[in-house]
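Asks: Return atomic coordinates for the entry below.
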Amino acid sequence: MTLAELLSTLFERRNHRRISRITDGRPLAELADALVGSAGETSGLALAEEILIRFSGMDDEGKRIFFRYLATSMDINPKAVRTALADYEKHPSKDSYRAYAAAAEPRRQELIRRLNRVPGATGQLVRLRAELLRLGAKVPELAALDLDFRHLFASWFNRGFLVLRPISWESPAHILEKIIAYEAVHAIASWDDLRRRLKPSDRRCFAFFHPSMPDEPLIFVEVALTKGIPGSIQSLLAEDRAPMAGHEADTAVFYSISNCQKGLASISFGNSLIKQVASDLSSELASLTTFVTLSPIPGLSTWAKQEGLEMPVKAPDAMRKMAAYYLLNTKGRDDLPFDPVARFHLGNGAMVHAVHADADISDKGSAQSGGTMVNYLYDLGTVAQNHEGYATTKKVFATQEVKKLAGAATYSRVLAR
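Replies: You can find the predicted model right below:
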């Protein structure tokens, strides 16, 4: 048993313990202050559970009020921070640094930590942040509060704590139901559809779990084992396709990656997931030599509309040229690729390998990219080098074929900007 699996077992046992609840009628803000100031473990756990229970039963306005309280009344004191920093600059020592660190951390971070001491609270805090994102997306005063959640979650959900589990047709029904519900790329239409993705010997699915949320996948990837690199999702998911033996495959295709928890937005797992799965599969199946995605291009239609360009959906070659140009040349925030899926895979060290027209003829695929899809190649020997090049120079790595396609696209109005 690995350390992560051992931790998972311990957390599952911990989550079964319940706290004797003593209802406290004070306002939620007073309970939050009392929890941060409490010294006793038992009384602190009771306060924390009361806060979590009360919050879950609030309406939207009540939740907004609570979030505003955390954002304002539990914020840092800038004057105290400046004073502590000046003292540290003048007299650097362990004590002056400790004083500065304490002043620079808002009280709400300690509140969140103490809330997390309740058995099973991690999942509740993830849902609490999901509510914060829903209700506070356009409220500037709540932005710093969200950064505090992200700061803590980045530590709590780091790779060292995550457990990689294979998902198969024999997995518990409640896990399979969540795979159906959370699939965000290619909708799973039925249990038969799910069986076709999990049961055959040339299909795999893997998910990351956290020890304190053993029944909630955080992110999962669906994999097809194939001969050669596929050019359409229709061929991969066809009902009448003939499965092959896994050991006959030479290519692993990551065709769907779905984040499951809205409250963990901006907490990155995909990079570790893909590389871990690729490593595990290469150890299991020596015949595998190629690791690629078959990915959507979700921003293509949006970009074309913004630029006043018509997508040539009835001309496959022209669509491939447009998609290649878009992937290699268009920029969004921070001078990174406009397309979110491209940012993700290129940031992981993959390269743009091939572009395919009529690759996703579903309503969703047609609407977001005119049916085009892209393969990102994960060359395990160069992903680290590509990642460094992309991170330092923002270079988009691509095959000569894709570069040639992009170069053949002529968008003078766009290029002139």
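Asks: Apart from its chain neighbours, what residue comes closest to V313?
Replies: Closest residue to V313 apart from its sequence neighbours, by Cβ to Cβ, 6 or more residues apart in numbering: G370 at 4.4 Å. Placement of C-beta: from N, CA and C, glycine included.
Asks: Low-confidence regions, the stretch 301-417 of the chain specifically.
Replies: Counting by pLDDT under 70, the stretch 301-417 of the chain contains low-confidence ranges at 411-417.
Asks: So which residues of it form helices?
Replies: Using DSSP state H, counting those that start in this stretch, the helices assigned to the stretch 301-417 of the chain run over residues 316-329, 340-347, 363-369, 383-393, 400-408, 412-415.
Asks: Report the contact partners of the closest residue to F344 other than its chain neighbours.
Replies: Nearest residue to F344 in three dimensions, chain neighbours excluded: G270, at 6.1 Å (Cβ to Cβ, 6+ apart). Contacts of G270 were listed using Cβ atoms under 8 Å, 6 or more residues apart in numbering, and they are I219, V221, I257, N259, F344, N348.
Asks: For the third one, which non-adjacent residue is closest in space?
Replies: What sits nearest to I257 in space, not counting adjacent residues and going by Cβ to Cβ, 6+ apart, is V221, at 4.9 Å.
Asks: Wasn't the one you found part of a strand?
Replies: Yes: remark: V221 belongs to a strand, assigned using DSSP: H, G, I helix; E, B strand; the rest coil.
Asks: what bridges to it?
Replies: Applying DSSP bridges to V221 gives these bridge partners: F206, I257.
Asks: same check, this time on the one 4 residues further on
Replies: Counting by DSSP bridges, L225 forms beta bridges with A252.
Asks: Check the gap between it and D363 for me.
Replies: 28 Å (Cβ to Cβ, to the nearest Å).
Asks: Quick check on those two: which one has the bigger neighbour count.
Replies: Taking other Cβ atoms under 10 Å, L225 and D363 do not tie; L225 has more neighbours (24 against 8).
Asks: can you pull the contacts of the more buried one?
Replies: So L225 contacts S201, D202, R203, R204, M244, G246, A249, T251, A252, V253, L285, L288 (Cβ under 8 Å, 6+ apart).
Asks: what's near enough to touch the last one?
Replies: For L288, the contacting residues are L225, A249, D250, T251, A252, L281, S282, by Cβ under 8 Å, 6+ apart.
Asks: May I see these arranged in JSON lines, with distance to K305 and pLDDT as well?
Replies: Below are the contacts of L288 laid out as JSON lines (distance: Cβ to Cβ, whole Å; pLDDT from 0 to 100):
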{"residue": "L225", "distance to K305": "37", "pLDDT": "98"}
{"residue": "A249", "distance to K305": "39", "pLDDT": "97"}
{"residue": "D250", "distance to K305": "39", "pLDDT": "97"}
{"residue": "T251", "distance to K305": "34", "pLDDT": "98"}
{"residue": "A252", "distance to K305": "35", "pLDDT": "98"}
{"residue": "L281", "distance to K305": "39", "pLDDT": "96"}
{"residue": "S282", "distance to K305": "41", "pLDDT": "94"}
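Asks: Quick check: the two most widely separated of the contacts of G270?
Replies: Across the contacts of G270, no pair lies farther apart than N259 and N348, at 14.5 Å, counting by Cβ to Cβ.
Asks: the more surrounded of these two?
Replies: Shown here are N259 and N348; by other Cβ under 10 Å, N348 has more neighbours (21 against 17).
Asks: quick one, strands of the chain?
Replies: 163-166, 203-209, 219-226, 251-259, 290-293, 295-296, 351-356, 373-377 (DSSP state E).
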